[in-house]
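Colleague: I would like to see how this sequence folds:
(one chain, ligands or ions: 1)
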Amino acid sequence: MRWAEIEIAVVGDEQEHYAALLTEIAGCQGWSGDSSAVRGYLPVDERLEGSLLALREAAGREVTIRFVQEEDWANAWKQYFKPQRIGEHIIIKPSWEEFAPEPGDLVVEMDPGMAFGTGLHATTRLCLRALESHVTGGETVADVGTGSGILGIAAVLLGAQKAICTDIDPLAVRIARENIERNQMEGRVEAVEATLPPPGEFEIVVANILPDVILGMAEELVAATKPGGLLIVSGIIESRTDDVKAGLSALGLTVLSVATEGEWVAILARRQGGL
Ligand SMILES: C[S@@+](CC[C@H](N)C(=O)[O-])C[C@H]1O[C@@H](n2cnc3c(N)ncnc32)[C@H](O)[C@@H]1O
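Modeller: Modelled structure (predicted):
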């Protein structure tokens, strides 16, 4: 099959906006990018032209396309995905790479396929570090917008008793399930196709999505967090930090800290009440 690689040049903090256009307007399953451009892929079929027209109109700037064969792009990103240490003990290891762990290392084996969540993005790393600092053992964790399943799987490796992972994208849910199996986490990590986890209260809720999505579901995220429990949100570009903090504070959460990596932030907040 042939695919179109779609690229939009960005500067400054534009990445989030144009990435959202790639997924929401053009219908790309995901996106990748760096400080100068965002990229997504669409199959070359009868819908491509309409998707590109809509994207160009919404973007109001040049959108370039390049045609590639499936094998080219399906494997091209793999060269950038190497085992990496995140925080003190977490190792994210691509399933096709060798890695010799040191004592105390917690190895999450991943094949993210088309799903987001390799650990290559700063927001994933910010969430993983927050989980490493706050999972002390025995918690139930909700991973909302799980992508590859990376955060839920890591939470259980860090000592959480159970993690429920949700995603609205069926492809992500399938890939998360494969990664759960790959890490022998069946029964302790569950992936469901949904926006929110089933009703219940979680000691830790983590959501690495986009600021507007987080704000739109903030009330439900708070309801899913046990009184006294923690909410970790990321996917937030630095310029949106105050909006998200204000939204969480308005719902009675206490913002405990804001961690940053590059232009991205993760916000840690506590729901009032005792554990
Ligand atoms: C930025 S990725 C994060 C993946 C992974 N959790 C990580 O930290 O690397 C966001 C994920 O949220 C999912 N998503 C977007 N909107 C959502 C919603 N309203 N409810 C649940 N998942 C959503 C997307 O399909 C995508 O897989």
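
Colleague: all contacts plus neighbour counts: C-alpha atoms, from now on.
Modeller: OK.

Colleague: contact residues of the stretch 101-250 of the chain facing the ligand?
Modeller: Proximity of the stretch 101-250 of the chain to the ligand is assessed by CA under 6 Å from any ligand atom, with 116-117, 124, 144-147, 151, 166-169, 172, 195, 208-209, 213, 235 identified as the residues in range.

Colleague: low pLDDT regions in the stretch 1-150 of the chain?
Modeller: Low-confidence segments of the stretch 1-150 of the chain, defined by pLDDT under 70, span residues 70-77, 79-80, 114-117.

Colleague: same thing but at 80, please
Modeller: Low-confidence segments of the stretch 1-150 of the chain, defined by pLDDT under 80, span residues 1, 29-30, 34, 69-81, 112-120.

Colleague: quick one, helices of it?
Modeller: When secondary structure is read from DSSP state H, counting those that start in this stretch, the stretch 1-150 of the chain shows helices at 15-24, 48-59, 70-76, 122-134, 150-157.

Colleague: pick the most deeply packed of these.
Modeller: The highest mean neighbour count among the helices of the stretch 1-150 of the chain belongs to helix 150-157 (a mean of 27), with neighbours defined as mean count of other CA atoms under 10 Å.

Colleague: could you dump that one to CSV, C-alpha only?
Modeller: Extracted in CSV, the C-alpha atoms of helix 150-157 (Å, rounded to 0.1, in the frame of the first residue of the first chain):
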residue,chain,number,x,y,z
ILE,A,150,3.4,2.4,28.3
LEU,A,151,2.3,4.3,31.4
GLY,A,152,-0.1,1.6,32.8
ILE,A,153,2.5,-1.1,32.3
ALA,A,154,5.2,1.0,33.9
ALA,A,155,2.9,1.8,36.9
VAL,A,156,2.5,-1.9,37.7
LEU,A,157,6.2,-2.6,37.2
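
Colleague: give the next helix or strand downstream of it.
Modeller: Proceeding N to C from helix 150-157, the next assigned helix or strand is strand 162-167, under DSSP states H and E.
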